[in-house]
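Engineer: sequence and predicted model, in that order:
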Amino acid sequence: MVVTREQMLVFTQIIESETRIGDLYRIYARRLAEHATFWLDLAAEENTHAVWVRTLYTHLKEGTISFNEERFSPEAYQLFLDYLTRLIQQAETERITMLQALSIAKDIEETILEKNFFSIFFTEAVESKRLLSALHSSTEEHLRRVRALYERLRPARN
């Protein structure tokens, strides 16, 4: 199957998003050493997400996955990438608390789920469906873990 320039762009943007999220979480691991394992685990899983999206790209080239052109907005994906770049720059240069980092991570994971980033694909192929489901489930699990730690660390309200 011939992959269009626009389709290649979206895959590149999604892979870059997953990579930048992992980069951000690694910075948090360095800057918030007490919770380094938490952040490094999330970062490693974001790298896995990028690998899964690369595999989906292969499936697109093979014709086992289709692309929902109506759901794709390169501008929206670019805005998200720009947002991640700003967060990375801030994390490198500004002081950040664990609660601030968790709040940012919560926003990132919620955005991916709410905007349904992976709904640009449809497929009947079992492996592609499995990968899309795994991406969605893993993002939900990230959000659950981030929220749980945020709630555990947040000061009690009176």
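Structural biologist: Done, it's in.
Engineer: measure the residue nearest the centre of the chain to Ile96 for me?
Structural biologist: By CA atoms, centre = their mean, the chain has its centre lying nearest to Glu18, at 4.3 Å. As judged by CB to CB, to the nearest Å, Glu18 and Ile96 stand 21 Å apart. Quick note: C-beta positions are derived from backbone N, CA and C, even for glycine.
Engineer: could you do Val2 as well?
Structural biologist: For Val2 relative to Ile96 (CB to CB), the value is 45 Å.
Engineer: higher neighbour count, those two?
Structural biologist: Taking other CB atoms under 10 Å, Val2 and Ile96 do not tie; Ile96 has more neighbours (18 against 6).
Engineer: secondary structure class for that one?
Structural biologist: Of the three states, Ile96 takes coil according to DSSP: H, G, I helix; E, B strand; the rest coil.
Engineer: which residues touch it?
Structural biologist: The neighbourhood of Ile96, defined by CB atoms under 8 Å, 6 or more residues apart in numbering, consists of Tyr28, Arg31, Leu32, Gln90.
Engineer: and the pLDDT for it?
Structural biologist: Note for Ile96: predicted pLDDT of 96.
Engineer: likewise Glu69?
Structural biologist: 71.
Engineer: if I look at the closest residue to it other than its chain neighbours, how far off is Leu149?
Structural biologist: By the measure of CB to CB, 6 or more residues apart in numbering, the closest residue to Glu69 outside its immediate chain neighbours is Glu6, 7.6 Å from it. Applying CB to CB, the value for Glu6 to Leu149 is 38 Å.
Engineer: in this protein, what spans have low per-residue confidence?
Structural biologist: Scanning the chain for pLDDT under 70 picks out the ranges 1, 72, 157-158.
Engineer: give the contact list for the nearest residue to Ile27 once chain neighbours are set aside.
Structural biologist: Closest residue to Ile27 apart from its sequence neighbours, by CB to CB, 6+ apart: Ala91 at 4.4 Å. By CB under 8 Å, 6+ apart, the residues touching Ala91 are Leu24, Ile27, Tyr28, Arg31, Ala101.
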